[in-house]
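Asker: here is a sequence with its predicted model. Questions after.
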Protein chains: 2
Amino acid sequence: MNIGEASKASGVSVKMIRYYEAIGLIAPPLRTGSGYRVYSDNDVHTLRFISRARDLGFSVEQMETLLALWRDRSRASAHVKAIALEQIAVLEEKARALKAMSDTLRHLAEHCHGDDRPDCPIIDGFAGPAELVTPKRRSRFGVTGTDRKVRRP
Amino acid sequence: MNIGEASKASGVSVKMIRYYEAIGLIAPPLRTGSGYRVYSDNDVHTLRFISRARDLGFSVEQMETLLALWRDRSRASAHVKAIALEQIAVLEEKARALKAMSDTLRHLAEHCHGDDRPDCPIIDGFAGPAELVTPKRRSRFGVTGTDRKVRRP
DNA sequence: ATGATCCCTCCCACAGTGGGAAGGTCAATA
DNA sequence: TATTGACCTTCCCACTGTGGGAGGGATCAT
């Protein structure tokens, strides 16, 4: 099948399929004489796997490992579990940081009467002393991980 | 004071101060004869405001509004509150999505014995039918917002 | 005067995703 | 058969927000 069909069947956008191929996450598929990419059911299966893993917040780098493990019938489940647990910890830490932020904001908002007068504890909280506003400084939390390396060599 | 000092005093990195200037979030400061940027205490105050807002997950675009409101002594607190509440909702939705992900993963991990046998419900969950693995499809949640426009004209 | 420590600008990288231009292909329909 | 419309191709660019680093100038203390 063509890329559009594979996209619909897997839930990965056409753009992303090509991107994953370019960065080497998936193997280049066969081509027709005129250069169209041709995907098998098996390829779609892999794409679907990728889609699920993305939805669970795994990075492309982690998916590389996960895919290798998926294909390796002799791998130990302990290995996969370790990666999953690591990911769970990351996810939970991000959720925690997010919650701390919204709690702080909510606290500020609760003390703001929200009418047409200019006094506003939210704005004052931003401008005033740090302790009032920062739950825990410097937790920027990019959604995808930190310092990873160049992958296209 | 020079940019390095302003950076230390505000908690915004030197790189970011220049970036915020380039995109027009902050006004270009005065320069010495040799081209060094010179910041006043007031500038540092603004920078600190920005630093706090960033820590609470506001995007640059939101900060533009927030800064304008901060400087506008006649603004209505309702306006600020509305922005804050919006941000709270976004933050909470992200936290919720993150939690759903980690719950799903944890569920999968709990059923994985984690030894050297290859059976692994985590991997199987990725490869198998969608219902088992996706808490709620297609919630990718970039940390900063979606479709915003070019700002350097 | 020399070296250390600033600062300047400019370019590049990254994740991950989409937009779109310029062009080739394929199937169906008029 | 010729045209149309839906696909496909590659290539480049955008974005957010942040850091790295090169190559060169400025300031300051010893």
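Answerer: Thanks, I have it.
Asker: for the rest of this, base every contact and every neighbour count on C-alpha atoms.
Answerer: Noted.
Asker: excluding chain neighbours, what is closest to the residue of chain A found nearest DNA strand D?
Answerer: Going by C-alpha to the nearest atom of the strand, DNA strand D is nearest to A:G4 of chain A, at 3.2 Å. Computed as C-alpha to C-alpha, 6 or more residues apart in numbering or on different chains, the closest residue to A:G4 that is not its neighbour in sequence is A:V14, at 6.2 Å.
Asker: the one you found: neighbour count?
Answerer: By the criterion of other C-alpha atoms under 10 Å in any protein chain shown, A:V14 has 14 neighbours.
Asker: A:Y39 too?
Answerer: Here the count is done by other C-alpha under 10 Å, and A:Y39 has 19 residues near it.
Asker: need phi/psi at it.
Answerer: A:Y39 has phi and psi values of phi -110, psi 140 when expressed as degrees, to the nearest 10.
Asker: ok, it touching A:P29?
Answerer: Yes: with contact defined as C-alpha atoms under 8 Å, A:Y39 and A:P29 form a contacting pair (6.3 Å).
Asker: now do the domain split for chain A, please.
Answerer: Recorded structural domains for chain A (assignment: automatic domain parsing) are A:3-71, A:97-132.
Asker: any regions of chain A where pLDDT drops low?
Answerer: For chain A, applying pLDDT under 70 flags the ranges A:74, A:126-153.
Asker: quick one: the helices in it?
Answerer: Listed from the start of the chain, chain A has helices (DSSP state H) covering A:3-10, A:14-22, A:41-55, A:60-71, A:77-110, A:121-127.
Asker: among those, which is nearest B:R117?
Answerer: Of all the helices of chain A, helix A:77-110 sits nearest to B:R117, with 5.9 Å by C-alpha to C-alpha.
Asker: what comes up buried for that closest one?
Answerer: Residues of helix A:77-110 classed as buried: A:77-81, A:83-85, A:87-88, A:90-95, A:97-106, A:108-109 (neighbour count, 16 or more other C-alpha atoms under 10 Å in any protein chain shown).
Asker: helices or strands up against that helix?
Answerer: When contacts are defined as 3 or more C-alpha pairs under 8 Å, 6 or more residues apart in numbering or on different chains; DSSP states H and E, helix A:77-110 sits against helix A:121-127, helix B:77-110, helix B:121-127.
Asker: go again using 6 Å as the cut-off
Answerer: Here helix A:77-110 touches helix B:77-110, going by 3 or more C-alpha pairs under 6 Å, 6 or more residues apart in numbering or on different chains; DSSP states H and E.
Asker: tell me the centre residue of chain A?
Answerer: For chain A, the residue whose C-alpha lies nearest the mean C-alpha position (C-alpha atoms, centre = their mean) is A:G57; its distance is 3.8 Å.
Asker: what residues are bridge-paired with the nearest residue to A:N2 once chain neighbours are set aside?
Answerer: In this structure, A:N2 finds its nearest non-sequential neighbour in A:V38, 5.1 Å apart by C-alpha to C-alpha, 6+ apart. Following DSSP bridges, A:V38 is listed with bridge partners A:L30.
Asker: tell me which residues touch A:V38, please.
Answerer: Contact criterion C-alpha atoms under 6 Å, 6 or more residues apart in numbering or on different chains gives A:1-2, A:30-31 as the residues in contact with A:V38.
Asker: ok, for the most far-flung residue of chain A relative to its centre, nearest residue in space, not its chain neighbours?
Answerer: Summary for chain A: using C-alpha atoms, centre = their mean, the residue whose C-alpha lies farthest from the chain's mean C-alpha position is A:R117, with a distance of 41.3 Å. Taking C-alpha to C-alpha, 6+ apart as the measure, A:R117 lies nearest to B:A76, with 5.1 Å between them; neighbours along the chain are not counted.
Asker: my guess is the one you found meets A:D119, correct?
Answerer: No: taking C-alpha atoms under 6 Å as the contact criterion, B:A76 and A:D119 are not neighbours in contact, 7.8 Å apart.
Asker: now do the buried residues in stretch A:2-18.
Answerer: Quick answer for stretch A:2-18 (16+ other C-alpha under 10 Å): A:3-4, A:6-7, A:10-12, A:17-18.
Asker: between the residues you listed, which is nearest B:I50?
Answerer: Of all those, the one sitting nearest B:I50 is A:V12; the distance, using C-alpha to C-alpha, is 36.8 Å.
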